[in-house]
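What follows is a predicted structure for the sequence shown.
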Amino acid sequence: QSHTMAALDNDARVKIKTVFEKLDVDGSGTIEAAEVKQGLVDMGFSSSSTTNEMVTSMMSSVDADGDGKISLEEFTQLWEKNNTGETSGFGQVMFNSLFSSLSAVADVVDVSTLSSGEPARPRMTGTPVQVLFDTLDTDGDLTISAEEFVTLMVVAGIGGGSFHADERGARHVMQQFGFDKDGNGVLDETEFGELMEKMGESMDSDVSDLCTMFIEALTTTDDEAE
């Protein structure tokens, strides 16, 4: 048993091992690129959006010893980083989303905490739209505020003409285009999903591919800021 696993309580060890084994389809004791790719497709990402480059980015962000495979020890280290808010970059964000999706299936609760010390909500799981929602929802309140929506406007190139990529412009898009249906000034997950569907239609793009592109842009921006 690894040092990292030994340091965890029994519940945590069971959770991690359960999710690890769901990804390790061939039972080899390691997670390989093909298994990660299949996990993403099962999670809801389109085959076209799960490119080899995307999977390679995910693998390299976790594969500490560089052997091209993810061991249980490396998987556990990622889980610990997620719980302490230390994950960064596109690869780790996507791997955590995959972990969370499989955790939900296994009825596993994420026990990470916010910087304030208050219990955090479980990370968003499932579809690419939900992963993007979770990435944008920086304060973890299960809504996208005008301030948070500005971030998406910038990476999506939304703005110009009668509105700009600022909070005022964000409120304009959210309200005037009918996405903020209850008029409370924020987008919940359903409203955000409808917005992304419309955006995909207007850009003639698959929603999964579009969300993956935005997630990568957002996490790349975060890396450069550091």
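Alright, I've got the coordinates.

Let me see the contact set for residue 68.
32, 33, 59 (C-beta atoms under 8 Å, 6 or more residues apart in numbering). Placement of C-beta: from N, CA and C, glycine included.

Centre-most residue in the chain?
residue 131 (3.7 Å; C-alpha atoms, centre = their mean).

in what helix or strand does it lie?
Assigning secondary structure by DSSP states H and E places residue 131 in helix 128-136.

ok so, going back, buried subset of the contacts of residue 68?
By neighbour count, with 16 or more other C-beta atoms under 10 Å, the contacts of residue 68 hold 32, 33, 59 as buried.

In the residues you listed, which has the lowest confidence score?
Taken together, those show their lowest pLDDT at residue 59, with 89.

List the buried residues in whichever strand or helix holds it.
Residue 59 is part of helix 52-62, with elements assigned from DSSP H and E. Of all the residues in helix 52-62, those buried under the rule 16+ other C-beta under 10 Å are 54, 55, 57, 58, 59, 61, 62.

And the helices in this structure?
Ranges of helices within the chain are 3-6, 10-23, 33-43, 52-62, 72-83, 89-105, 128-136, 146-156, 167-176, 189-202, 207-225, based on DSSP state H.

other SSEs contacting the fourth one?
So that's helix 52-62. With contacts defined as 3 or more C-beta pairs under 8 Å, 6 or more residues apart in numbering; DSSP states H and E, the packing partners of helix 52-62 are helix 33-43, helix 72-83, helix 89-105.

Against residue 179, how distant is the closest residue to residue 59 other than its chain neighbours?
The shortest distance from residue 59 to any non-neighbouring residue, by C-beta to C-beta, 6 or more residues apart in numbering, is to residue 33 (5.6 Å). Here the distance between residue 33 and residue 179 works out to 37 Å (C-beta to C-beta, to the nearest Å).

Poorly predicted segments of the chain, please.
Scanning the chain for pLDDT under 70 picks out 1-9, 82-88, 100-126, 159-163, 220-226.

residues near residue 66, how many?
Applying other C-beta atoms under 10 Å, we find 8 residues neighbouring residue 66.

Who are the contact partners of it?
Listed by C-beta under 8 Å, 6+ apart, the contact set of residue 66 is empty.

The one 4 residues further on too?
By C-beta under 8 Å, 6+ apart, the contact list for residue 70 reads 30, 31, 32, 36, 59, 62, 63.

Residue 173 versus the closest residue in space to it that isn't next to it in sequence, what's the distance?
Leaving aside its sequence neighbours, residue 70 sits nearest to residue 31 (C-beta to C-beta, 6+ apart; 4.0 Å). The gap separating residue 31 from residue 173 is 40 Å, by C-beta to C-beta.

So which of the two has more stuff around it?
More neighbours surround residue 31 than the other of residue 31 and residue 173, with 27 against 20 (other C-beta under 10 Å).

I'd say that one and residue 73 touch.
No: the criterion here is C-beta atoms under 8 Å, and residue 31 misses it with residue 73 at 11.7 Å.

Distance-wise, check residue 145 relative to residue 195.
In this view, residue 145 and residue 195 are 14 Å apart by C-beta to C-beta.

and residue 12, how many neighbours?
17.

hang on, the earlier thing: could I get the helix holding residue 131 in CSV with only the CA atoms?
What follows is helix 128-136, C-alpha atoms only, in CSV (Å, rounded to 0.1, in the frame of the first residue of the first chain):
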residue,chain,number,x,y,z
PRO,A,128,-19.3,19.1,-20.7
VAL,A,129,-21.8,21.9,-20.0
GLN,A,130,-21.7,21.1,-16.3
VAL,A,131,-17.9,21.0,-16.3
LEU,A,132,-17.8,24.5,-17.9
PHE,A,133,-20.5,25.7,-15.4
ASP,A,134,-18.3,24.5,-12.5
THR,A,135,-15.2,26.1,-14.0
LEU,A,136,-17.0,29.5,-14.3
